[in-house]
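Asks: predicted model and sequence below, questions to follow.
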Amino acid sequence: MTLDTVSSARAFGGEQRVYRHASAATGTEMEFAAFLPAEALRGEACPTLFYLSGLTCTWENATAKAGYQRLAAEYGLILIAPDTSPRGEGVANDAAYDLGQGAGFYIDATEAPWAPHFAMESYVARELFDLISAELPVWEGAVGVTGHSMGGHGALTLAMKHPDRFRSVSAFAPIVNPLDCPWGEKAFTAYLGADRAAWAAHDACHLVEHTGWSGDILIDQGTADGFLDEQLKPWNFERACRKSGVDLTLRMQGGYDHSYYFISTFLADHVAWHAARLTG
């Protein structure tokens, strides 16, 4: 598989790159951002962290707003920021912000018109994972995943479904219980059909109770987040982790909202947290 370099810029001794490639999983061209620290540029194997973005985002939101380059350089981490959905001519879309392009939910759709291209679980956890492992100096067995909102849902569910691939997991304001929130109900009905039993395999609360997680989990959530009560409901996940004996640190951050101001405030804690678990 060929990686085409879209852009590259020096940052903190490393390089912030954007790549494009033809994806077999989505049947489209896909772009992703990759920060390579100085160690990676020298060809040294580096621990790697995936950052999964939320609704309406592309790889650019985290790359431009989160400030992760300085942190990734400090810890010698490769940081991979995929897109949130397939895009382009012939790819199904919806006028609403919470469905279609920009709203892939990190699942593989089974329903028309989404199924031909919306295979974001297969793309992120299999194809892109294998691609960066082959093309970049990724330290085998030292890959973590984090994400925001819809991307937090993706981080939690992909880690629990693919523990052979992801060694550490954290999230910012994640959608933890899509079976019980409007965003999840809308997207899962469209992508997976009306059978709610099929949705459970993509719900973090269900997964942590029935699949579990061998490590610990860090979640930051702002108390002034306008989506907290209706869409996010972190207490549901806290209750499920307690029931299954999974070590969860849920930090309710007073006065913080759902924006990148919130993420950038606590990102250093998450990067350090992953670095300790990926290199320890």
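Replies: That came through, no problem.

Asks: who does the residue nearest the centre of the chain bridge with?
Replies: Ranked by distance to the mean C-alpha position of the chain (CA atoms, centre = their mean), the top residue is Leu52 at 2.4 Å. Bridge pairing for Leu52 (DSSP bridges) gives the partners Gly147.

Asks: that one reaches Thr146, doesn't it?
Replies: Yes: Leu52 is within contact range of Thr146, at 7.3 Å (criterion: CB atoms under 8 Å). Any C-beta I mention is one placed from the backbone N, CA and C, and that applies to glycine too.

Asks: overlap in contacts, the two.
Replies: Counting by CB atoms under 8 Å, 6 or more residues apart in numbering, the contacts common to Leu52 and Thr146 are Gly152, Ala155.

Asks: about what we covered before: list the contacts for the residue nearest to the centre of the chain?
Replies: 82, 84, 106, 124, 145-148, 150-152, 154-155, 158.

Asks: out of these, which is nearest to His202?
Replies: Of all those, the one with the least separation from His202 (CB to CB) is Tyr106, at 8.1 Å.

Asks: how far is stretch 250-258 from where the chain is centred?
Replies: Centroid separation for stretch 250-258 versus its chain: 19 Å, with CA atoms, centre = their mean, to the nearest Å.

Asks: please renumber the chain so that the first residue is 829 from this point on.
Replies: Sure thing, new numbering starts at 829, so read that last one as stretch 1078-1086.

Asks: turn the contacts of Leu880 into CSV, columns for pLDDT, neighbour count and secondary structure.
Replies: Listed next are these as CSV, based on pLDDT from 0 to 100; neighbours: other CB atoms under 10 Å; DSSP: H, G, I helix; E, B strand; the rest coil:
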residue, pLDDT, neighbour count, secondary structure
Pro910, 98, 28, strand
Thr912, 98, 27, coil
Tyr934, 98, 26, coil
Val952, 98, 29, helix
Val973, 99, 31, strand
Thr974, 99, 32, strand
Gly975, 98, 32, strand
His976, 98, 30, strand
Met978, 98, 30, helix
Gly979, 98, 31, helix
Gly980, 98, 30, helix
Gly982, 98, 33, helix
Ala983, 99, 30, helix
Leu986, 98, 26, helix
